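Trainee: here are the coordinates; sequence isn't available:
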């Protein structure tokens, strides 16, 4: 496991602490969850672009449907 030091304004830090508390998780866990979501979104975009570059409209549309479903579930959970 790695340690990462970041610099953010105190006001943002306080808001993140409050969000973590409201979600019932540690600040570390909250940031880890944010990083996981960001990486998953990035990986999905890269995969979509790779499929699009190969010209497979069918696979590209299928991936968009999968993303729509994933974001719909995420919106319901929030």
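Mentor: Happy to help now that I have it. Just so it is clear, the model here is predicted, and its values are computed rather than measured.

Trainee: From now on I want contacts and neighbour counts done on CA atoms only, so please keep to that.
Mentor: OK.

Trainee: Centre-most residue in this protein?
Mentor: With distances taken as Cα atoms, centre = their mean, the residue of the chain nearest its centroid is residue 37 (1.8 Å).

Trainee: Run through the strands of this protein in chain order.
Mentor: Using DSSP state E, the chain contains no strands.

Trainee: Low-confidence ranges, this structure, go.
Mentor: Under the criterion pLDDT under 70, the flagged ranges of the chain are 77-78.

Trainee: Now with 90, please.
Mentor: Scanning the chain for pLDDT under 90 picks out 1, 48-64, 69-78.

Trainee: longest single helix anywhere in it?
Mentor: Longest helix in the chain, counting residues (DSSP state H): helix 27-53.

Trainee: who touches stretch 19-37?
Mentor: Contact with stretch 19-37 is made by 16, 17, as judged by Cα atoms under 8 Å, 6 or more residues apart in numbering.

Trainee: Over to it now: how far is its first residue from its last?
Mentor: 16 Å (Cα to Cα, to the nearest Å).
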